[in-house]
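J.: I'll drop the sequence and a predicted model, then ask my questions.
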Amino acid sequence: MALLSFSRSFTLLSSPFHFFSPRSIRRRRSFVCSLSAATDVRSRSAVLWFKHDLRLDDHPALSAAETHRFVLPLYVFDRRILSRYSDDMLELLLFALEDLRKSLKEQGSNLMIRYGCAENVIKELVKEVKATDVFIEEEVEYEMRQLIGVVKKTLETSSSLDWNLDIVMWRTPFYDVKNLKELPASYNDFKKQKLIPTSPLFPVTLPVAETELDWGPLPTFSDLKEFIKEKLGKSKESWNLMKEMPAEVLLKENLSKSSGTIPKSLNDKSIEQRRLDKSVFVTRKGDVVGGGTNTLLNALAAYLRYLEGTARDDWQEVHERLRNAETREGASFTSLFGPALCLGIISRRRVHYEAIKYEKERNAGFLSPFGYSAASVAAAADAVCSMEWFWLLALKSQVSNEGLYSIRIWRWRGHLIQYTVVGLEGPAILLVHGFGAFLEHYRDNINAIAKHGNHVWGITLLGFGQSEKPNVVYTELPWAEMLRDFIIEVVGEPVHLVGNSIGGYFVSIVASLWPSLVKSVILMNTAGNVIPEFSSRRFPSERQTSAAARLGAQLLLFYLRLNIRNTLKNFYPTKTNRADDWLINEMLRASYDPGVTVVLESIFSFDLSIPLNYLLEGYEEKVLILQGMKDPLLDSKAKLAMLKEHCTGLAIRELDAGHCPHDEQPQKVNSIVCEWVVAVERKLTANSYS
């Protein structure tokens with residue numbers, strides 16, 4: 001769908017338990033209680049489970065636990081968590097854990113390292129140290145919330161615990177949001193509340209560790225990789241390897257028909273040498289900041305002070321990487337610090353606090369109402385405020401039942417992505433929306449297709465709907481990589497891919513580059529051209545946006561907000577009533593999200609020059625074209641004629657509809673899609689026995 005509807009110090013809380021949600025457990029029975037009403041905490045002991053909070057600084061659970069008689073800091077190498085990480089993230093994780101253990105030892109405490117299923121590890125440790133509290137950070141990702149639920153249930157139903165156990169859920173409050181269910185849907189309305197970011201907590205000292213405990217060793221990177229692979233089947237392992245090859249490299253290789261042009265993915269400089277040099281860029285690629293919290297804070301100080309220049313070697317290194325990562329204004333912050341923020345080595349509100357503190361230093365203690373005085377300050381402050389907004393939206397979607405579908409959250413490259421799934425079995429079908437839309441644009445398709453015995457998935461792509469809109473350069477290739485990773489990490493089996501408009505082009509790229517993930521392709525008024533006798537071309541280098549693109553995006557956003565109703569009605573020529581208030585309001589809501597103009601800039605940098613006839617080669621009798629013949633954006637008859645002439649084995653259905661036939665004629669489209677999937681599945685089954 002080509003709906004272009006889109007177009008930056010509070011005192012410490014009086015109680016560290018303000019955002020805590022303790023749950024008491026007595027054998028198989030649980031009930032909510034107030035932590036303040038519990039027994040004297042100095043007689044209590046606790047297990048604190050580190051996951052995505054690998055720091056001592058600004059850690060509310062540590063502040064709450066410091067008065068306990070004994071606190072056991074714990075990290076569990078659980079395959080269900082680790083399998084979500086890239087190699088770079090695993091490297092960052094090991095460095096962060098090494099630093100966290102060192103910092104705890106300096107206090108007389110330690111970090112316990114265990115391997116296995118978190119629920120079993122925690123249950124046994126609770127029994128061993130007779131813990132009265134288990135501190136667990138709240139999560140928004142669906143799989144992580146499911147895992148926490150398993151941990152809770154295991155502890156609640158453990159017959160070996162004959163004392164009260166409190167499970168204390170906590171989070172780091174960036175804004176003092178009292179009730180998530182009352183969170184405004186629009187960022188514009190949220191800003192009107194003028195909530196001030198809360199102040200971070202400084203590190204606390206935990207009670208001295210009980211030395212007779214077996215604290216366990218940290219693994220090497222290679223040992224950790226072997227541990228993760230141990231339970232993977234060969235097919236799953238081969239699928240995971242797909243994620244390591246960028247789409248751009250594959251396309252260049254395919255176009256050149258040569259396998260010798262793949263660039264080296266690892267930096268020649270070894271990790272060991274980087275550690276000797278005290279570099280903050282610790283991974284093999286050397287393009288993100290890593291280490292412990294103090295290392296991150298030092299790198300952040302260098303980043304914020306970019307305009308000042310420096311004679312310090314470590315700060316000069318940060319400045320060099322900043323310049324390389326500045327693919328568009330402000331993009332360097334997320335690129336350099338995003339992975340560390342994802343692991344919780346440093347908190348979002350600590351970043352904001354440090355950015356604002358430095359801004360005040362530059363301006364004699366004042367903050368200008370007209371914006372920040374340094375681009376690096378703006379990049380850091382805007383990024384963490386945006387991250388927090390989308391985190392709040394994601395959390396709200398997990399604790400409330402609003403909306404057309406039950407929403408789940410997936411984290412892709414550190415960013416929060418919304419998706420839904422309906423149906424428990426049957427062929428997997430993944431629905432991909434067009435530009436400016438979101439998964440709910442398939443409002444009358446998901447359930448209907450699932451009722452015909454299908455397992456239907458819908459996803460809101462990065463930059464759209466309520467998925468996160470980070471400050472990155474958006475192109476067709478990362479969106480295709482996102483779909484690839486979603487199929488591998490979430491769906492877990494080959495899918496029938498359905499795409500509308502530009503979503504159809506993304507789907508075609510996935511089918512071309514990773515055919516083992518795709519059973520068939522269904523394209524509805526797809527973007528992309530047909531180029532006869534296409535062979536090869538010079539592939540574009542890394543794309544950067546221009547000032548003209550930024551201005552164009554801002555003007556386009558202003559225009560579309562004013563004309564959204566008429567624009568939408570043009571896409572629904574036979575049923576203009578489908579461009580209803582719900583659809584319009586959802587698109588207007590998204591148009592006020594932070595980062596939306598960055599997404600709009602991608603219109604000026606899209607490269608659709610790899611034609612559909614090239615991308616769909618090898619899919620004879622596995623491609624269905626659904627074309628709304630009244631599409632206002634293109635000549636449908638001419639496009640179908642080119643597809644018929646230059647793509648072999650296509651099935652084509654013409655529909656009396658506009659650019660979005662699935663939403664304009666949902667019953668007809670649902671019937672066609674279900675019949676198609678049944679037919680393809682029969683052929684696949686027959687071929688498997690032939």
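T.: Perfect, I can see it now.

J.: remind me which residues of this structure are low pLDDT?
T.: 1-42, 233-235, 257-277, 535-544, 689-690 (pLDDT under 70).

J.: What number of residues are in the vicinity of residue 417?
T.: 27 (other Cβ atoms under 10 Å). For the C-beta atoms, the positions are set from N, CA and C on the backbone; glycine is no exception.

J.: Same question for residue 85.
T.: 17.

J.: Please verify my assumption that it contacts residue 91.
T.: No - Residue 85 is not in contact with residue 91 according to Cβ atoms under 8 Å; the separation is 9.3 Å.

J.: Name the residues contacting each of those two.
T.: By Cβ atoms under 8 Å, 6 or more residues apart in numbering, residue 85 and residue 91 have no common neighbours.

J.: Please name the residues that touch the closest residue to residue 132 other than its chain neighbours.
T.: Nearest residue to residue 132, sequence neighbours excluded (Cβ to Cβ, 6 or more residues apart in numbering): residue 44, at 4.2 Å. Residue 44 makes contact with 38, 68-69, 132-133 under the criterion Cβ under 8 Å, 6+ apart.

J.: how about a cut-off of 10 Å?
T.: 38, 65, 67-71, 130-133, 164, 166 (Cβ atoms under 10 Å, 6 or more residues apart in numbering).

J.: among those residues, which are in strands?
T.: Residues of the contacts of residue 44 located in strands (DSSP state E): 70-71, 133, 166.

J.: mind putting these in TSV, neighbour count and distance to residue 441 included?
T.: Formatted as TSV, the ones in strands among the contacts of residue 44 follow (neighbours: other Cβ atoms under 10 Å; distance: Cβ to Cβ, whole Å):
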residue	neighbour count	distance to residue 441
70	19	53
71	28	48
133	25	45
166	20	44
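
J.: Arrange those in CSV, one row each, with distance to residue 179 as further columns.
T.: Converted to CSV, the ones in strands among the contacts of residue 44 look like this (distance: Cβ to Cβ, whole Å):
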residue, distance to residue 179
70, 35
71, 31
133, 26
166, 23
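
J.: Could you single out the nearest of the residues you listed to residue 314?
T.: Nearest to residue 314, judged by Cβ to Cβ, of the ones in strands among the contacts of residue 44 is residue 71 at 32.9 Å.

J.: any idea how far residue 128 is from that closest one?
T.: Applying Cβ to Cβ, to the nearest Å, the value for residue 71 to residue 128 is 14 Å.

J.: follow-up on the earlier one: what's the closest of the contacts of residue 44 to residue 224?
T.: Once Cβ to Cβ is applied, the member of the contacts of residue 44 that ends up nearest residue 224 is residue 71, at 25.7 Å.

J.: give me every residue that touches the closest one.
T.: 44-48, 61-62, 64-65, 104, 109, 129, 131, 133, 135, 204, 206-209.

J.: how does it look with 6 Å?
T.: Residues in contact with residue 71, defined by Cβ atoms under 6 Å, 6 or more residues apart in numbering, are 46, 48, 65, 206-207.

J.: Can you tell me which of those end up in helices?
T.: residue 65 (DSSP state H).

J.: hey, where'd the helices end up in the stretch 51-200 of the chain?
T.: 60-65, 79-82, 87-106, 118-129, 142-156, 187-192 (DSSP state H, counting those that start in this stretch).

J.: and the ones you listed, which is most packed in?
T.: helix 60-65 (a mean of 24; mean count of other Cβ atoms under 10 Å).

J.: Run through who's touching it.
T.: Applying Cβ under 6 Å, 6+ apart, the contact partners of helix 60-65 are 16-17, 46, 48, 71, 135, 170, 172, 201, 204.

J.: for stretch 498-514, same thing?
T.: 1-2, 242, 247, 250, 431-435, 479-480, 483-484, 497, 518, 521-528, 612, 615.

J.: which residues of the stretch 401-550 of the chain fall in helices?
T.: Under DSSP H, counting those that start in this stretch, the stretch 401-550 of the chain gives helices at 446-450, 476-486, 502-513, 547-571.

J.: between the ones you listed, which one is nearest to residue 57?
T.: helix 476-486 (31.2 Å).

J.: tell me which residues of that closest one are tucked away?
T.: Under the neighbour-count criterion of 16 or more other Cβ atoms under 10 Å, helix 476-486 has 476-486 buried.

J.: elements contacting that helix?
T.: helix 247-256, helix 502-513 (3 or more Cβ pairs under 6 Å, 6 or more residues apart in numbering; DSSP states H and E).

J.: Output it as CSV, restricted to C-alpha atoms.
T.: Extracted C-alpha coordinates of helix 476-486, given in CSV (Å, rounded to 0.1, in the frame of the first residue of the first chain):
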residue,chain,number,x,y,z
GLU,A,476,14.4,-1.8,0.4
LEU,A,477,17.2,-4.2,1.4
PRO,A,478,17.1,-3.8,5.3
TRP,A,479,13.3,-4.2,5.0
ALA,A,480,13.8,-7.5,3.1
GLU,A,481,16.4,-8.6,5.7
MET,A,482,13.9,-7.9,8.4
LEU,A,483,11.3,-10.2,6.7
ARG,A,484,14.0,-12.9,6.4
ASP,A,485,14.9,-12.7,10.0
PHE,A,486,11.2,-12.7,11.1
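
J.: which other residues reach it?
T.: So helix 476-486 is in contact with 243, 247-248, 412, 459, 461-462, 506, 509-510, 514, going by Cβ under 6 Å, 6+ apart.

J.: just stretch 418-435 next, same as before
T.: For stretch 418-435, using Cβ under 6 Å, 6+ apart, the contacting residues are 1-2, 405, 407-408, 410, 439, 441-442, 446-447, 450, 453-460, 466-467, 491, 493, 495-503, 507, 677, 681.

J.: Convert it to CSV, retaining C-alpha atoms only.
T.: Taking Å, rounded to 0.1, in the frame of the first residue of the first chain, the C-alpha atoms of stretch 418-435 are listed here in CSV:
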residue,chain,number,x,y,z
GLN,A,418,4.8,-5.3,16.3
TYR,A,419,3.3,-8.5,14.8
THR,A,420,0.3,-10.8,15.3
VAL,A,421,-0.5,-14.5,14.6
VAL,A,422,-3.8,-16.3,14.2
GLY,A,423,-4.3,-20.0,13.9
LEU,A,424,-2.4,-22.8,15.5
GLU,A,425,-1.6,-25.1,12.5
GLY,A,426,-1.7,-25.3,8.8
PRO,A,427,0.5,-23.6,6.1
ALA,A,428,2.3,-20.5,7.3
ILE,A,429,1.2,-17.3,5.5
LEU,A,430,3.0,-14.0,6.1
LEU,A,431,1.1,-10.8,5.2
VAL,A,432,3.3,-7.7,4.4
HIS,A,433,1.7,-4.3,4.1
GLY,A,434,2.6,-1.4,1.9
PHE,A,435,4.2,2.0,2.5
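
J.: Tell me how far that stretch lies from the chain's centre.
T.: 17 Å (Cα atoms, centre = their mean, to the nearest Å).

J.: Going along the chain, name the helices of the stretch 551-690 of the chain.
T.: Ranges of helices in the stretch 551-690 of the chain, per DSSP H, counting those that start in this stretch, are 581-591, 596-601, 612-615, 636-646, 661-664, 666-689.

J.: Also the stretch 251-400 of the chain?
T.: 271-276, 293-304, 313-325, 331-343, 348-362, 375-399.

J.: Identify whichever of those lies nearest to residue 80.
T.: Each of those has some distance to residue 80 by Cβ to Cβ; the shortest is helix 331-343, at 16.3 Å.

J.: tell me which strands and helices that closest one is in contact with?
T.: helix 87-106, helix 313-325, helix 375-399.
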